[in-house]
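sharing a model prediction with you, sequence too.
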Amino acid sequence: MKRVLFFLSVLPIFIFLWGVLPSGDVGGSEGIVGAEICKGCHDDHYQSYLKSTHAKKGIPNSPARKDACESCHGPGAAHVEKSGEKGVGIFIFSKKIADAKSKSAKCFSCHGDSRDLSFWDLSKHKVFDVSCDNCHTVHSGTRKNLKATQPDLCNICHRSIRAQQNKQSHHPIREGKLKCTDCHDHHGGFGPKMVKANSFNDLCYQCHAEKRGPYMWQHPPVEENCLSCHTSHGSNHSKLLISKVPQLCQSCHDWTQHPGTPYSKFETFQGTATSGKNRMFSRSCLNCHSNVHGSNAPASRGITHVR
């Protein structure tokens, strides 16, 4: 009997809570009109939405499990009351209407807990007002709702990098063997230039492990930064070098046993001089110093990286 009385006493509380608490999968929030109403005028957008991951109810926290179109665009009642007047009552993902911060905030309301976005505040993309919808589309798209595939998507903004990819020596990005995101974290990170490592060398060693060392005879530029001699995206010189050998070597080794000046009044262009001082320009440093990244072979005094 006591159990019955207790149940009857708490029943009104359950009925009250049932009426005021929102449901996770059902609309009905103030101003929500439902996707079918949106579809009446925006059928093309609705059909593309159905093809996206946002329309899949099986995905936790997806718009389809909430208010569909209005999960991102906001309640549409005022928009409908104004007969669909542009910009009234809804949030529009447009550069002219909404700024990058506001648009990204909409996405972060669902995706904010994603591990991929942990370092977004450190991202150069955020600093330069790149919003989520610059790369992603809330409707249909490619993998991860991207507006285009790599590298075409990145090249929309990074045009100078696209030009470098077309040079004679380049990483196989345009051939499809390497993607921009294999090296860069587009959502931000601690590495320079948004690379997926603490330094450029650590990134390069992920593929070029044989250059890591340690060596008995270290080459200081190799230890300091691979980009001292190489460029990362493309070059007209072999092996992605920033300039041609031996000029590249002479940018540091300007005074060695091989003179930095190719010709003088004693060694003329016509080749009448018999001295070997101009051999550095007629031959390559790498003919002798073949292990320029480092060597473990015995070396004579002052002669290193030769084997």
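Yes, it's here. Numbering: from 1, shown residues only.

please count neighbours and contacts with C-alpha atoms only from this point.
Noted.

now do stretch 148-158: distance to the chain's middle.
How far stretch 148-158 lies from its chain's middle: 10 Å, per C-alpha atoms, centre = their mean, to the nearest Å.

wait, I meant stretch 75-94
Here the centre of stretch 75-94 is set off from its chain's centre by 34 Å, with C-alpha atoms, centre = their mean.

might you report the residue contacts of the residue nearest the centre of the chain?
In the chain, the residue lying closest to the centroid (C-alpha atoms, centre = their mean) is residue 186, at 2.5 Å. When the contact criterion is C-alpha atoms under 8 Å, 6 or more residues apart in numbering, the partners of residue 186 are 123, 125, 194.

any idea whether it is helix, strand or coil?
Classification of residue 186 by DSSP: H, G, I helix; E, B strand; the rest coil places it in coil.

phi first, then psi, for it.
For residue 186, the backbone dihedrals are phi -70, psi -20 (criterion: degrees, to the nearest 10).

measure it to residue 194 for me?
Distance of residue 186 to residue 194, given as C-alpha to C-alpha, to the nearest Å: 7 Å.

shared neighbours of those two, anything?
The contact sets of residue 186 and residue 194 overlap at residue 123 (C-alpha under 8 Å, 6+ apart).

any figure for the gap between the residue lying closest to residue 132 once chain neighbours are set aside and residue 77?
Closest residue to residue 132 in three dimensions, ignoring its sequence neighbours and counting by C-alpha to C-alpha, 6 or more residues apart in numbering: residue 104, at 5.5 Å. Per C-alpha to C-alpha, residue 104 is found 23 Å from residue 77.

go on, residue 289?
When C-alpha to C-alpha is the yardstick, residue 289 and residue 77 sit 75 Å from each other.

which one's more surrounded, those two?
In terms of neighbours (other C-alpha atoms under 10 Å), residue 77 is the more surrounded of residue 289 and residue 77; the figures are 20 against 16.

find the nearest non-adjacent residue to the more buried one, please.
Leaving aside its sequence neighbours, residue 77 sits nearest to residue 31 (C-alpha to C-alpha, 6+ apart; 4.8 Å).

pLDDT score for the one you found?
The confidence metric pLDDT takes the value 87 at residue 31.

that one and residue 73 touch, don't they?
No: the pair residue 31 and residue 73 fails to qualify as a contact (C-alpha atoms under 8 Å) at a distance of 11.8 Å.

picking up where we left off before, so what pLDDT did the residue nearest to residue 132 get?
In the predicted model, residue 104 carries a pLDDT score of 92.

and the residue nearest to residue 77, what helix or strand is that in?
Using DSSP states H and E, residue 31 falls within no helix or strand.

how much space separates it from residue 205?
Going from residue 31 to residue 205 by C-alpha to C-alpha gives 55 Å.
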